[in-house]
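Asks: sequence and predicted structure, then a few things I'm wondering about:
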Amino acid sequence: MKILTQTTHNTPALLLPVYIFLYIMAISTFLHINIRGISGKKEELIQLLNEKNISAASINETFLTNKSRINIPGYNIIRKERQSRQGGGVAILIRKNTEYSEIDYGLSLQQLNGNEYVTIRMKNHLHHLITIISIYCPPGTRPSAELFQAISTSDHTIIMGDLNAKHTDFYCNTTNTNGNALKQILNNTSLSIINTNEPTYISPATANLDILDLILCTPDLASKLLQFSTTNHLSSDHLPVLTTFSFHLQATPNNKYNYRNADWETYRTHIEGQLKDTSTTPNTTPDDLDHQATLLSQILTQAREETIPKNTNKTQTQSLPHHILQLIKQKRKLRQNYIRSQSP
């Protein structure tokens, strides 16, 4: 505070970096990846973490054991190894100098039903408490209703994981038993899935695209969603998933918006289009940055109003119009052909 006061009084021009710093601190980007062996992909992971300025990362299938040692520069590692057999393992990477604590829900092995998880509660630079859970549901297991119920009791919660749960409501190609189980869990909690139709998995055998890695969060965090995307940065059959939140957005009552039925693809498209229209605006003074911050908040609020339905007295099941579903299928096919053509 002392430095800021002196700068304000003596050299107003130097306030610009301070405004930029505070603006950046309000943005948090989280990464999820089923890495299928972290040790052999360590360098790729480090590059991705630094390039995307990741606040925290969820890692599934670390393949680490109790004897494994691994260091990721700039990050603390909170990890749980699979005890009964080889493979599996989950971890969360959190930037050093970030205040956090590990959480255990005290569930029995029977209640967990084979689910592997690790949970932390972190405090971001604006002192918001955010609960982060990395979950892996190995093949042959079902999502644990008890675990998700325990998770959903906290605000500002994000869940990232390969749940091996497919459902056409989640933009997956098909529906399986895990998908039906997860949908039932969602019906009994306030959690919602924020994935768009971006594939997160490429079959090594057929190169078919699908969605296995899901991002879920509580309504208060969903209202701050800025961007959801995938990238090809790591050599795994699972694609890294990036989720960015802006804490500039004002909080809204949890029951006002129906985030479970939000059209996240249109939400993202709307924001990207509006940001392109403002990208040429000069930002040379603190007033310019204040204006841009206000404009960003307006863009996000408008996107929310246009793409996220409000709750009504009656709970209704909403589905996308047929022509939208057809466009989604066409986009999936085009992306699949693109990725195939880029494969060696």
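Replies: That came through, no problem.
Asks: who touches the residue nearest the centre of the chain in this structure?
Replies: The residue lying closest to the centre of the chain (CA atoms, centre = their mean) is Thr243, at 3.7 Å. When contacts are counted by CB atoms under 8 Å, 6 or more residues apart in numbering, Thr243 is found next to 29-30, 32, 158, 160, 194, 215, 225, 227-228. C-beta coordinates here come from the backbone N, C-alpha and C atoms, glycine included.
Asks: look up how far His32 lies from it.
Replies: From Thr243 over to His32 the distance is 8 Å, taken as CB to CB, to the nearest Å.
Asks: same question for Gly87.
Replies: Remark: distance between Gly87 and His32 (CB to CB) = 18 Å.
Asks: who has more neighbours out of those two?
Replies: Neighbours of Gly87 and His32, each counted by other CB atoms under 10 Å, are more numerous for His32; the result is 29 against 12.
Asks: what ranges does the stretch 101-250 of the chain have for its strands?
Replies: Assignment of strands within the stretch 101-250 of the chain using DSSP state E, counting those that start in this stretch yields the ranges 116-123, 129-136, 157-162, 192-193, 201-202, 209-210, 213-217, 225-230, 241-246.
Asks: quick one: the helix or strand encompassing Ser58 to strand 129-136, angle?
Replies: With elements taken from DSSP states H and E, the one containing Ser58 is strand 56-60. Here strand 56-60 points in a direction 20 degrees away from that of strand 129-136 (axes from the mean of the first three to the mean of the last three CA atoms, to 10 degrees).
Asks: is it true that Arg82 touches Ser68?
Replies: No: the criterion here is CB atoms under 8 Å, and Arg82 misses it with Ser68 at 11.6 Å.
Asks: neighbour count for these two, which is higher?
Replies: Between Arg82 and Ser68, counting by other CB under 10 Å, Arg82 is the more crowded of the two (19 against 13).
Asks: where exactly do the helices run in the chain?
Replies: Secondary structure of the chain by DSSP state H: the helices cover 2-10, 15-25, 42-51, 109-112, 145-151, 177-187, 219-222, 264-278, 286-307, 322-342.
Asks: among these, which gets the worst mean confidence?
Replies: Across the helices of the chain, the stretch with the lowest average pLDDT is helix 2-10; it has a mean of 31.
Asks: for Pro143, which residues are in contact?
Replies: Pro143 is in contact with 113, 115, 135, 137, 163, 165, 178, 181-182, 185, counting by CB under 8 Å, 6+ apart.
Asks: rerun at 7 Å
Replies: With CB atoms under 7 Å, 6 or more residues apart in numbering as the criterion, the residues that contact Pro143 are 115, 137, 163, 165, 178, 181-182, 185.
Asks: for the nearest residue to Leu112 once chain neighbours are set aside, give me phi and psi.
Replies: Leaving aside its sequence neighbours, Leu112 sits nearest to Ser144 (CB to CB, 6 or more residues apart in numbering; 5.3 Å). Note on Ser144: backbone dihedrals following degrees, to the nearest 10 are phi -80, psi 110.
Asks: tell me the contacts of Ser144?
Replies: Applying CB under 7 Å, 6+ apart to Ser144 gives the contacts 111-113, 115.
Asks: can you redo the residues you listed as JSON lines with neighbour count and distance to Asn53?
Replies: As requested, those are arranged in JSON lines below (neighbours: other CB atoms under 10 Å; distance: CB to CB, whole Å):
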{"residue": "Gln111", "neighbour count": "15", "distance to Asn53": "37"}
{"residue": "Leu112", "neighbour count": "16", "distance to Asn53": "33"}
{"residue": "Asn113", "neighbour count": "17", "distance to Asn53": "36"}
{"residue": "Asn115", "neighbour count": "22", "distance to Asn53": "30"}
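Asks: if anything else comes up later, I'll come back, but that's it for now.
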